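Enquirer: curious how this folds, go ahead:
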Amino acid sequence: WKRLASAASNKSTSLIKAPRQPTGALLFYLRIPYSKALTQTGPAMTNAPITQDVLTIPRKAAEGDKPNLVGMTRDQMRYALIAAGTPEKQAKMRVGQVWQWVYHWGVRDFDRMTNLAKDYRTLLAENFVLEVPQVVTRQISEDGTRKYLVRINGGHEVEVVYIPETDRGTLCISSQVGCTLTCSFCHTGTQKLVRNLTAAEIVGQVMLARDDLNEWPTPGAPKVEVRLVSNVVLMGMGEPLYNFENVRDAMKVVMDNEGIALGRRRITLSTSGVVPEIARTATEIGCLLAISFHATTDAVRDVLVPINKKWPLEELLEACRAYPGVSNSRRITFEYVMLDGVNDTKEDAHRLVELLRGIPAKVNLIPFNEWPGAPYKRSSGNRIHAFADILYHAGYATPIRTPRGEDIMAACGQLKSATEKQRKSDQKVKSATL
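Expert: Below is the predicted model:
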């Protein structure tokens, strides 16, 4: 710890990882200022930085703030209720009662928990809160896509996207404020990492979407079989595996059968390739896995996805082959953004077939969604379909993602970027008038 404290005064250091506690408790990390060496002057530069293996310290609650029951696992909630005065013999029962009110009925007012004695409701209200992120703006596209800008503790903002389809409704949620990955085709990657989201802030994104869609059941009403939020994808802002513990705990809450009750196969976690954490995704979460792949050579992927310099294609694909539980019924999705003249040739398609050999996989081709200042262009429709045909004839399912919500800039990162630009402009005006 003395070494870490000493490193804090070194401005050339970025984020330093502290030792794991011997008890196996949560990792603690020391946040050190960014160095100029970690800024990327051009999205397509060949000497893109190697992404740091980091987790940031979440924002500390202000002194006197009540703990938020939202986002706690059952065990965490049990310990919290006992600490607040719940008799230990009653704690498991009380967790079940509160859990059902919060995650099945969507209730966030202790007074409405009518199967709890009034004095116990008072105890809960005096010691805890039930809070989810605040919706700042909501935009609805002509195709039904909904884009939420939501505010979390500290005034930071992240984005959530709901995509309705005929047979499902997919919610794309964020795991960090900003991102460290600096992927050159991604607008969110141009934003600095601020901090990890807490489990409450991750679960809260699912809950606020259900609020907006009016999806919580009504006591006494017939059960509705069709779910509006039927799938969750961790494909919003941030790298989920750099916030593993909070993502894991949040997904435990979302998957719990007595609450929101989304099955493991209804949740997909997308990673850019944090190889050491990939196996843990299977063993500790058990959800489906997606790889943000995007290139068939290390030289190109080093530029598009700089984390590749730390864990190159060979190591990433080895981790995928060893992924616990992978099978033809639980395939890994390889996401591949189609960039004109960069990664979209027939040679790239054939190389991709060879790279994926032996891995139960499907490939999701994503037409590039251009953003202001982007250094790339979307591949032509003919080029995309020719690429897909090669993969299809090699035996891989290769859906081409249909762009959704373009009229409201619903691609990940765009709305948040616009908000940041406006804030910076306001700050400049304020500074000029002082």
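
Enquirer: am I right that R265 is in a helix?
Expert: Yes - the assignment for R265 by DSSP: H, G, I helix; E, B strand; the rest coil puts it in a helix.

Enquirer: how far away is it from V203?
Expert: R265 sits at a distance of 19 Å from V203 (criterion: CB to CB, to the nearest Å). Backbone N, C-alpha and C define where each C-beta goes, glycine included.

Enquirer: of those two, which one has the most company?
Expert: Taking neighbours as other CB atoms under 10 Å, R265 and V203 compare with V203 leading, 29 against 12.

Enquirer: phi, psi of N308?
Expert: Torsion angles at N308 (phi, psi; degrees, to the nearest 10) stand at phi -60, psi -20.

Enquirer: what is the strand or helix carrying A250 packed up against?
Expert: Using DSSP states H and E, A250 maps to helix 244-255. On a contact count with 3 or more CB pairs under 8 Å, 6 or more residues apart in numbering; DSSP states H and E, helix 244-255 meets helix 199-212, strand 267-271, helix 275-280.

Enquirer: dump these to JSON lines, plus mean pLDDT.
Expert: Rendered in JSON lines, the data for those read as follows (pLDDT from 0 to 100):
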{"stretch": "helix 199-212", "mean pLDDT": "97"}
{"stretch": "strand 267-271", "mean pLDDT": "97"}
{"stretch": "helix 275-280", "mean pLDDT": "95"}
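
Enquirer: let's have these in JSON lines, adding distance to Q134.
Expert: Shown next, in JSON lines, are the helices and strands packed on helix 244-255 (distance: least, CB to CB, whole Å):
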{"stretch": "helix 199-212", "distance to Q134": "8"}
{"stretch": "strand 267-271", "distance to Q134": "24"}
{"stretch": "helix 275-280", "distance to Q134": "30"}
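
Enquirer: what's the closest of those to P367?
Expert: Counting by CB to CB, P367 lies closest to strand 267-271 out of these; the figure is 17.1 Å.

Enquirer: any idea of the angle the closest one forms with helix 244-255?
Expert: 160 degrees (axes from the mean of the first three to the mean of the last three CA atoms, to 10 degrees).

Enquirer: residues making contact with strand 267-271?
Expert: Residues from elsewhere that reach strand 267-271 (CB atoms under 8 Å, 6 or more residues apart in numbering): 231-235, 239-241, 247, 251, 254-255, 277-278, 281, 285, 287-292, 333, 335.

Enquirer: repeat that with 7 Å
Expert: Strand 267-271 has contacts (CB atoms under 7 Å, 6 or more residues apart in numbering) with 232-235, 239-241, 251, 254-255, 278, 281, 285, 287-292, 333, 335.

Enquirer: returning to what we had before: contacts for the helix holding A250 next, please.
Expert: With contacts defined as CB under 7 Å, 6+ apart, helix 244-255 is touched by 26, 71, 73, 103, 175, 196-199, 202-203, 206, 232, 234, 240, 259-260, 262-264, 267, 277, 280, 284-285, 287.

Enquirer: now do the strands in the stretch 1-150 of the chain.
Expert: Secondary structure of the stretch 1-150 of the chain (DSSP state E, counting those that start in this stretch): strands located at 15-17, 29-31, 134-140, 146-151.

Enquirer: list the strands paired with the third one, with their directions.
Expert: Based on DSSP bridges, the pairing partners of strand 134-140 within the sheet are strand 146-151 (antiparallel).

Enquirer: mean confidence for the very next helix or strand once past the partner strand?
Expert: Next helix or strand after strand 146-151 toward the C-terminus (DSSP H and E): strand 157-164. Averaged across strand 157-164, the pLDDT comes to 94.

Enquirer: for strand 157-164, the distance to its chain's centre please.
Expert: With CA atoms, centre = their mean, to the nearest Å as the basis, strand 157-164 stands 11 Å off its chain's centre.

Enquirer: adjacent strands (with direction) for that strand?
Expert: For strand 157-164, sheet partners with direction are given as strand 146-151 (antiparallel), strand 169-172 (antiparallel), following DSSP bridges.

Enquirer: so which bits of the helix holding A250 are buried?
Expert: For helix 244-255, burial by neighbour count (16 or more other CB atoms under 10 Å) applies to F244, N246, V247, R248, D249, A250, M251, K252, V253, V254, M255.
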